[in-house]
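**Student:** My questions are about this predicted structure, shown below with the sequence.
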Amino acid sequence: MSAVARLATLPWPGRIGLAIVAFWLAMAAFGGFLAPHDVGAIVSQDVFGAFSARHPLGTDYLGRDMLSRILHGSRFTIGLALAAALAASTCGTAIALVAATAGGWVDEAVSRVMDAFISIPSKMLALVMVAAFGSSPALLILTAALSYTPGAFRIARALAVNVRTLDFVQAARARGEGLPYIAAVEILPNMVNPMLADFGLRFVFVVLLLSGMSFLGLGVQPPDADLGSLVRENISGLFEGAPAVIVPAAAIATLTVGVNMLIDSVSGRARAVEA
Amino acid sequence: MPEPARGLPGALGRFRGSLPALVVQRVAVGLVTLVVVSAIIFAITSLLPGDAAQAILGQAATPEAVAALRAQYGLDQPGPLRYLHWLAGLATGDLGRSYTAGVPVADLIAGRLPKSLMLAATTAAVSVPIALTIGIVSAMMRGGPVDRALNLITLCMVAVPEFLVATIAVLVFAVKLGWLSALSNAMDIATPTQFVRAYAMPVFTLCFVIIAQMARMTRAAVIDQLSASYVEMALLKGARPARVALRHALPNAIGPIANAVALSVSYLLGGVVIVEAIFSYPGVATLMVDAVTNRDMPIVQGCAMIFCAGYLLLVLAADLIAIAANPRLRHR
Amino acid sequence: MDPLVRVEGLRITARKPTGEAAVLVDDVGFEIPKGEVLALIGESGSGKTTVALSLLGYARPGCRIESGRIVVDGIDVLSLDDEGRYGLRGRKVAYIAQSAAAAFNPMKPLMDQVIEAALIHGTATRAAAEAKAVALFADLALPDPGGIGRRYPHQVSGGQLQRLMAAMALITDPGLVVLDEPTTALDVTTQIEVLRAFRAVVRDRGATAVYVSHDLAVVAQMADRIVVLNGGRARESGTVDQVINHPRDEYTRRLVAAAAPQPRGEPRGAVETPLLEVRALVAGYGRLDRDGLPAARVLEDIDLTIARGAAVGVIGESGCGKTTLARVIAGLVPAARGDVRFDGQPLPTDLRHRSREQFRRIQIVFQNADTVLNPAHSIERILARPLAFYRGLRGEAARARIAQLLDLVKLPASVASRRPSELSGGQKQRVNLARALAADPDLILCDEVTSALDTVVGAAILDLLADLRRELGVSYLFISHDISTVRAVCDEVVVLYAGRKVDAGDRAAMGHPPFHPYADLLIASVPALRIGWLDALPRRLAASLPPVGEALDEGLCPFLPRCAVRRAGRCDTTPAPKQVLPGGREILCHVSLDELARIQSGGAA
């Protein structure tokens, strides 16, 4: 069944997830052009303004338009997370393929190093990295990629080792094929689908990690703001129940929940946690 | 949201030694991993482009003053030597001195650690029973409406950032209902009511995500066993579904469930960073976040090592439980 | 008197992932009088297990019993509610599964599992049930009946687990016992022990049973009546004699014909140029010790010669090293000692030192057709690779050759555009062969190529192999656990036991004594399609042997603990000598060949 045909037969949570993911990807790509106001412009006297026709998502602690800020913020959140997740999944898969096809001490050594990295909780690694180098978008991408590569490696290696033991790989070895051919042509095509699902999960992890860091004031730095920073800068509005706090937090949640629902439906079983 | 599964190296069945040898091997692997982790953390924190001494004294400081401070903190020594020094300190409980506060890091952490442990213990005590129940029940009803509903709910719960849960909790319980204080001052707790007031919201926030995560992993572990041949055999002996799930599938799922609990509880280690910050809870995580802001490296290093050690300890415990529960490793 | 079991118009369907329903069983009916054994026979997908499970009111997840009527001992099974079904299963109807290794819970001691049904149904107290279990263990000829219950499943052998499962089924004295391929996962020499034990307990208790199997010869020993299932429908039913000796249905006739493979092709003369020579080969897995020997040695001192155009069969039970031998020759497992020469030239046993030409001339065909073709590639791509890799064929030339190859293995050209998952098991095995042929090899290593296939499909593959040898002059190393398959296609037979070559000779010589005692056991253990075969087995194969005291020294005969003709003072002190007969027959045994021949021709041990 082709990917398109499979999307057509998704159960309803999967379709909702797909719609949410498509919506957010579109927002990240084109949201900047749709923003009614300049992202930094103070456009209202009313701070922590409620939902209104002029400001559909209210105003923030300085009286800036929340809709515009969220459209810009989502670009940061999604862009950084996509870059980091892509890097983590690609590196993880590539290293895993090398380790699994080479086998022996190469596999052993690589796996040991990855195991040590995997023992540092991602938030700890991020805090240590920011403490050492200060926060910048490049560092955040590097940190998140570094943090999730070992996880992607572990999944990919398990898949590759599984495929490696299958007879068609043995047949290729007995035919005299080289390791690069075996890795790229025999093993890789049989890992693509699960690794795509894993990529989705990595993306969600990275979104949550980076938003968390921004929420602590250690992520994206002003004047730039991602969705996590928006929650942080408006946290004083919490006691008035201002939309400026809840809306960006809810935006993150819809994004991550949407991706999760899509993956859960596509991979057809509850593997959101087994990663 | 769950972290990717992290565990100690080595599959269970691969090692074929005696039981004590197996336990010793696992503990040794844990220790070696901890040393490697310490090297990674030290390497990152000492690759500083800036200089801690300069940072402490500010740009206006004289070169002599900076040099003196560097000597005082041992920053003028070569990296590997400083690492060994630091490692020896770690082993004896000496984590160095804070740059900003000037007091031993060990003392700072010692003052905070019990509070963080209290928070984690309370959360674990609340979440583990609930999560295991949800996981096992939904595994037993797999495919049914209850399971599908629980699946969707937990699927959404695992993807929600803690600060959303926390802000909504504050909004509802502190602002609208006025039941609880938004700040969680765990300083003076004398009565159960004070305990609940102080811990209710942080614990609720932490539980929210890890219950969902643990329940999903438990469900997957039990379902994995429910598709095994011996389960069909038990059904064909006339065993009722509850007996099959509890007496047959569950014992086999103990290893994976212990692992799920360890991973979820270790997730608390990350979760507390956000939760302590939101509720101004005076734990180790707040200490660390402040230190990151101030670039107070000894504190950052010490706190990071505490968290990593906690993680490794949990995974090791789960591993040992799985070994103890497996008759193939107990009886040869 | 009413029959104990009556099944009428049974129809069972399954829901496919795409949503549509597939009919697994359609309009099946039969009766079983009390005290009789009915066999359900058929190949994979015939619905035999599905029918058997329905007797317990059970359908596997995704399956549904749509209509029909099942009456067991006066109970209308299909109208039972949940409670009724729990009361039926394990009490009135008991089940013995194919793979005992999977059907026992690895976490619980055996005794708890054996008596579980008695406790669930309250037919006995724990003490009484345990006492009864111990008695059953003794009846089933299990070792240490009093203590075996305290063990865990991983601590006993497969054959013992299968017998323990029989005890588990019989613990509640059920009216009906369903045996689902209970010996299929066992080695043939273990199978007769288990069959004997099953038959004894079934007969002694006058139990009524349903025996599910794909193997007509086994069924002929166990059953009174046979129902032949194919594609979910009953093709024929009757007494065992009727079905195996006078089959009426066309499908049954094919099944009977395939059950007793006939030799294919004429055996070849002895003087030929050797194509492959293996000398004093030692190989295994795991870390190498100081002498360069692997930790787990699988092959010891193996000699083997394959002449150009010849087919040599290697036979032995699981774990005997036969697959490792093929892998060493293919270069997948390095040899620790000894050498391999191919067409007069030394053949490096490490893949990396082989030339592409050497790879081309030796091709390996693996057992499991389901995993041997890359699911991500089309058949055309799978066949095109060796053409491009070895001979640089591309484009139109390659396509033409692929069409030829498909024709050679008797597949339609339209298969080329399909993926492996769209083919049947037999078709996949043909593609697998075609891929080997694409290299124009001199030698094909066939590793259990028919074991995963149904009998009729496997027989067609054997025919194909024989045709290809005649047409292309290719040589085979044919590995199998099934002596009748090997005898059907090979000129010479080599018997491996625990990594040693214990017996070897040409096809004719392997047809009569003397044999190595293990080869004797192996050959005599293959069920014959003949009623009463099991009862007529020679006594020397039935005797239970006292255990050998200490662990064996390295180098002694590995078959010693199971050998009925072992000689104390010789077999347990010195390594067995190789005795050679004229004509190249070799037997590794202390007992003289005359004496072996005398014993195996029917004399007393």
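**Tutor:** The structure has been received and is ready for your questions.
**Student:** what separates C:Leu433 from C:Met107, distance-wise?
**Tutor:** According to C-beta to C-beta, to the nearest Å, C:Leu433 stands 43 Å off from C:Met107. Placement of C-beta: from N, CA and C, glycine included.
**Student:** Tell me which helix or strand A:Ile246 sits in.
**Tutor:** Using DSSP states H and E, A:Ile246 falls within helix A:243-266.
**Student:** Could you write out the alpha-carbon coordinates of that helix in CSV?
**Tutor:** The C-alpha coordinates for helix A:243-266 follow below in CSV (Å, rounded to 0.1, in the frame of the first residue of the first chain):
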residue,chain,number,x,y,z
PRO,A,243,-4.9,34.4,27.1
ALA,A,244,-1.3,35.5,26.5
VAL,A,245,-0.2,32.7,28.9
ILE,A,246,-2.6,29.9,28.0
VAL,A,247,-2.6,30.3,24.2
PRO,A,248,1.0,29.7,23.4
ALA,A,249,1.1,26.8,25.9
ALA,A,250,-1.9,25.4,24.3
ALA,A,251,-0.4,25.9,20.8
ILE,A,252,2.6,23.7,21.8
ALA,A,253,0.2,21.1,23.2
THR,A,254,-1.9,20.9,20.0
LEU,A,255,1.3,20.6,17.9
THR,A,256,2.7,17.7,20.0
VAL,A,257,-0.6,16.0,20.5
GLY,A,258,-1.3,16.2,16.8
VAL,A,259,2.0,14.6,15.9
ASN,A,260,1.5,11.9,18.4
MET,A,261,-2.0,11.1,17.2
LEU,A,262,-0.8,10.9,13.6
ILE,A,263,2.2,8.6,14.5
ASP,A,264,0.0,6.4,16.7
SER,A,265,-2.4,5.8,13.9
VAL,A,266,0.1,5.3,11.2
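**Student:** anything in it near chain C?
**Tutor:** No. Applying C-beta under 8 Å from any C-beta of the partner chain, one finds helix A:243-266 out of contact with chain C, separated by at least 14.0 Å.
**Student:** Show the end-to-end separation of stretch C:495-511, please.
**Tutor:** Distance between the two ends of stretch C:495-511: 13 Å, counting by C-alpha to C-alpha, to the nearest Å.
**Student:** Show me what the lengthiest helix in chain A packs onto, helices and strands only.
**Tutor:** Counting by DSSP state H, the longest helix found in chain A is helix A:66-102. Here helix A:66-102 touches helix A:12-34, helix A:104-118, helix A:137-164, helix A:192-215, helix A:227-233, helix A:243-266, going by 3 or more C-beta pairs under 8 Å, 6 or more residues apart in numbering or on different chains; DSSP states H and E.
**Student:** Does anything pack onto the last one? Which helices or strands?
**Tutor:** Read it as helix A:243-266. Using 3+ C-beta pairs under 8 Å, 6+ apart, helix A:243-266 is in contact with helix A:12-34, helix A:66-102, helix A:192-215, helix A:227-233, helix B:145-158, helix B:162-169.
**Student:** deepest of these, which one?
**Tutor:** With neighbours defined as mean count of other C-beta atoms under 10 Å in any protein chain shown, the helices and strands packed on helix A:243-266 peak in mean count at helix A:227-233, which reaches a mean of 27.
**Student:** ok, residues contacting it?
**Tutor:** With C-beta atoms under 8 Å, 6 or more residues apart in numbering or on different chains as the test, helix A:227-233 has contacts from A:60-61, A:66, A:69-70, A:73-74, A:76-77, A:210-217, A:219-220, A:222, A:225, A:244-245, A:248-249, A:251-252, B:161, B:163-164, B:167.
**Student:** contacting residues around the residue nearest to C:Ala133 when sequence neighbours are not counted?
**Tutor:** Closest residue to C:Ala133 apart from its sequence neighbours, by C-beta to C-beta, 6 or more residues apart in numbering or on different chains: C:Val114 at 4.9 Å. Neighbour list for C:Val114: C:Ala133, C:Leu136, C:Gly149, C:Leu164, C:Ala167, C:Met168, C:Ile171 [criterion: C-beta under 8 Å, 6+ apart].
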